[in-house]
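Peer 1: no letters, just coordinates:
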């Protein structure tokens, strides 16, 4: 889930592209399944295979140290002299950072603190309107703050509370920030192509292939308790339903920022410095989608996460993501500390003089530095509108 929902228009910082394989794949799948269009199903298969091929290439190069054409500055400014924050009461934020996984990360909690500083000093978000969910790693000595533990239940409940918060009015802005591991659930055919490209003859069709048929790939955010007590990940389809519910209930402008990636499937884990982990297998895949249906299935706005005709809602929010679906979001050590490549670059761009008051999301994505093997993207139908509106 380099992003939660692909959009009709996608902008890449490195390529300036206006195409999105993920969006095309989902559109052709829905068209082919709902109308029985054989040409659409053929195009769906082509996009499906292309994403697998790109993912295979990214997997082979996952351990390469990224080259940054323009290195983000070491220091993030908090509030420049004479700056005036926007209308603070109109902003709300949910900030999630998780280092304390079984395969730990080292910069995600700090990402939240940096994003919180930006939100309060630049955007004027009131502290009581910031909800923080932190999963610190062992030996973390960062600032002590009041926060919720980022379990699946707490993350979902915190997001749902936005839709029932009567203080959030139409035209308000909501920022949802996630820094941590992501994952992806591939069909067996894609998994073999991506991770076992030299495997022998294709085995007979299995129950797993039927389970994932027309549902590949499904991306996910990883809560801190994933894989414990049968706790699944949070699928992009469940997140899309939640965001749609928030938007329909509040009329707020929603911006989702993801510093994670979704390039790893079921067979192998990446290196420690990559923000993605292996998927949890078919039993958890079923539970992940069933949990979404149990939670939201009675809502008037619910779109069936199991549907072969699933198409994401791109009206409700804008997504800024660290990399393409098939790439890896990385952190590395420089100058005796771990650098959060995407979040740090994003905040540097937001606080620079290069973006004017009417800067759009496209302007922001184009202001980011170019990083080899990691191309930040944005998605949503409001990408040409001014930031935070």
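Peer 2: Alright, I've got the coordinates. Source: prediction; values computed, not measured.
Peer 1: helices of the stretch 151-300 of the chain, start to end?
Peer 2: Remark: helices assigned in the stretch 151-300 of the chain by DSSP state H, counting those that start in this stretch are 152-164, 188-195, 207-212, 236-250, 282-296.
Peer 1: and the fourth one, what does it pack against?
Peer 2: This points to helix 236-250. Here helix 236-250 touches helix 152-164, strand 173-179, strand 218-221, strand 253-259, helix 282-296, going by 3 or more C-beta pairs under 8 Å, 6 or more residues apart in numbering; DSSP states H and E. C-betas here are computed from N, CA, C, even on glycine.
Peer 1: which one of those lies closest to residue 100?
Peer 2: Evaluated over the helices and strands packed on helix 236-250, closeness to residue 100 peaks at strand 173-179, with 12.5 Å, by C-beta to C-beta.
Peer 1: ok, back up a step: need the winner for burial among the helices and strands packed on helix 236-250.
Peer 2: strand 218-221 (a mean of 27; mean count of other C-beta atoms under 10 Å).
Peer 1: I'd like to know which elements that one is packed against.
Peer 2: Secondary-structure packing of strand 218-221 (3+ C-beta pairs under 8 Å, 6+ apart): strand 182-185, strand 234-235, helix 236-250, helix 282-296.
Peer 1: quick revisit: quick one: the helices and strands packed on helix 236-250 as JSON lines, columns for distance to residue 118 and mean pLDDT too.
Peer 2: Listed next are the helices and strands packed on helix 236-250 as JSON lines, based on distance: least, C-beta to C-beta, whole Å; pLDDT from 0 to 100:
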{"stretch": "helix 152-164", "distance to residue 118": "20", "mean pLDDT": "97"}
{"stretch": "strand 173-179", "distance to residue 118": "10", "mean pLDDT": "97"}
{"stretch": "strand 218-221", "distance to residue 118": "21", "mean pLDDT": "90"}
{"stretch": "strand 253-259", "distance to residue 118": "11", "mean pLDDT": "94"}
{"stretch": "helix 282-296", "distance to residue 118": "31", "mean pLDDT": "91"}
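Peer 1: ok, the residue lying closest to residue 172 once chain neighbours are set aside - how many residues close by?
Peer 2: Nearest non-adjacent residue to residue 172, counting by C-beta to C-beta, 6 or more residues apart in numbering: residue 252, 4.4 Å away. Residue 252 has 23 neighbours, counted by other C-beta atoms under 10 Å.
Peer 1: you'd agree residue 252 is up against residue 171?
Peer 2: Yes: with contact defined as C-beta atoms under 8 Å, residue 252 reaches residue 171; the gap is 7.2 Å.
Peer 1: okay, now the unreliable bits of this protein?
Peer 2: 1-35, 41, 44-89, 141-142, 144, 187-214, 262-277, 325-340, 372-373 (pLDDT under 70).
Peer 1: returning to that earlier point: can you list the helices and strands packed on helix 236-250 in TSV and add distance to residue 245?
Peer 2: Output for the helices and strands packed on helix 236-250, formatted as TSV (distance: least, C-beta to C-beta, whole Å):
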stretch	distance to residue 245
helix 152-164	5
strand 173-179	12
strand 218-221	17
strand 253-259	11
helix 282-296	7
